[in-house]
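**Student:** got a predicted structure here, sequence first:
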Amino acid sequence: MKGFFITGTDTDVGKTIVTTLLLHTLQQNGVSSIAYKPVQSGAEWKDEKWVAPDVEMYRRVAHVNEEECCTYLLKTPCSPHLAAKLDGVTIDPKEIVSHVRLLQETYECVLVEGAGGIAVPLVDDAYMIADLAADLQLPVIIVARTGVGTINHTVLTIEYAKKRGLSLAGIVMNGFSEPPTDVEMDNVRMIEKMTGIPVIGMIPYMNPIRFDEVNGIWKGEWWR
Ligand SMILES: Nc1ncnc2c1ncn2[C@@H]1O[C@H](COP(=O)(O)OP(=O)(O)OP(=O)(O)O)[C@@H](O)[C@H]1O
Ligand SMILES: C[C@H](N)[C@H](N)CCCCCC(=O)O
Ligand SMILES: [Mg+2]
C-alpha cells in the first residue's frame, strides 16, 4: 500500500475529517503514515504566521511539519487556480508528484487530500484535481454527505472519476445522524447500487469532534 487520494463531492464534505480519522486508524495499526495537503487555499493566521487549517486538523492525531504536509499555502478561500493567481504563485503539479514520491520512500501509506471536489482547477482550466489523482496513481476515496442531495452529487462525481480512468477505493459517507435515518441508509443503498462502488466508511456527525472515540466506522480493513 503506498497511499490513497482523498477527494469528495464538494468542498466542506469532510475530506479532512476522514483523512484525519484514517490517519489515526493507520497509526493505531502500526502503519507508518502521513497526511499531505498539496494545495491549501483559505490559509489561516495563527501564532504570527499563516497555517493550513487542514494540516492543523491532522496535527490532532499525528506529529506534522508544515513543509512536509503542505506545498502550496494560499491565502484566499476560493478555488486554488484563483487563489494561486491572487498570491502570484504558479502551482507545479510535477512538484506535488515528486513530493509524494519522496514521502512514499519514508512512509508506508501517504494520504493525499485534494481541494474541494474532483473537478476543481489547480492550473487555470488546464489541470485539475482529477489530473493530480491520475498522475499520483493512488486509489481514490470519495467523501460524500449522507443526506438529501448526496445521491446526485456522488453519482456524478464517480461517473467523472470513472471517465478519467481513476482507480476507486470506495466511498466514505460522512455526517450520519445517530442512529442513521431511513433516508441516510437508503442513500447508502442507492449510491452503491447506482455506482457499483462500495461504501467503505460511515462517519457519524460528531459534536464535539473526537478522533479517539469513533469505533466501527470502517467496513473492514480495506486500508491494509
Ligand atoms: N463528521 C463530522 N462531525 C462534525 N463536524 C464535521 C464532520 N465532518 C466535517 N465536519 C466539519 O465540517 C467542516 C468541513 O469539514 P472538512 O474541513 O473536513 O471538509 P473538507 O471537505 O476537508 O473541506 P475542504 O474542501 O476545504 O478541504 C469542518 O468545520 C469540520 O469540522
Ligand atoms: C476554500 C475551500 N475551503 C477549499 N479549500 C477550496 C474549495 C475550492 C472549490 C472550488 C469550486 O468547486 O468552486
Ligand atoms: Mg479539507
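**Tutor:** Received it, and whenever you're ready, just let me know what you need. Ligands and ions are numbered 1, 2, ... in the order given.

**Student:** where does the protein get nearest to ligand 2, residue-wise?
**Tutor:** In the chain, the residue that lies nearest ligand 2 is G116 (3.1 Å; CB to the nearest ligand atom). Every residue, glycine included, has its C-beta placed from N, CA and C.

**Student:** count the residues that sit near that residue.
**Tutor:** G116 sits with 22 neighbouring residues when counted by other CB atoms under 10 Å.

**Student:** who's in contact with it?
**Tutor:** Residues in contact with G116 (CB atoms under 8 Å, 6 or more residues apart in numbering) are 8, 10-11, 79-80, 129.

**Student:** these two touch, right, T154 and V172?
**Tutor:** No - with contact defined as CB atoms under 8 Å, T154 does not reach V172; the gap is 10.7 Å.

**Student:** shared neighbours of these two, anything?
**Tutor:** Going by CB under 8 Å, 6+ apart, residues that sit against T154 and also against V172 are 142, 144.

**Student:** next, the closest residue to P198 other than its chain neighbours: secondary structure please.
**Tutor:** Counting by CB to CB, 6 or more residues apart in numbering, P198 lies nearest to G170, which is 4.9 Å off, once chain neighbours are set aside. Put simply, G170 is strand when judged by DSSP: H, G, I helix; E, B strand; the rest coil.

**Student:** number of nearby residues for G170?
**Tutor:** Neighbour number of G170 under other CB under 10 Å is 20.

**Student:** picking up where we left off before, most surrounded residue in the contacts of G116?
**Tutor:** Neighbour max across the contacts of G116 (other CB under 10 Å) = G8, 30 neighbours.

**Student:** report the separation between that one and V18.
**Tutor:** 8 Å (CB to CB, to the nearest Å).

**Student:** who touches both of those two?
**Tutor:** Joint contacts of G8 and V18 (CB under 8 Å, 6+ apart) are V143.

**Student:** E105: how many residues sit nearby?
**Tutor:** 7.

**Student:** which residues does the strand or helix carrying it contact?
**Tutor:** If you go by DSSP states H and E, E105 is part of helix 93-106. Contact with helix 93-106 is made by 2-3, 32, 34, 36, 38-39, 68, 71, 110, 112, 122-123, 127, 131-132, 135-136, 138, as judged by CB under 8 Å, 6+ apart.

**Student:** in PyMOL, how would I select just the buried ones from the residues you listed?
**Tutor:** In PyMOL syntax, the buried subset of the contacts of helix 93-106 is picked out as below (16 or more other CB atoms under 10 Å):
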select buried, resi 3+34+36+38+39+68+71+110+112+122+123+127+132+136+138
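
**Student:** do stretch 8-23 and ligand 1 come into contact?
**Tutor:** Yes - using CB under 6 Å from any ligand atom, stretch 8-23 comes into contact with ligand 1 via 8, 11-17.
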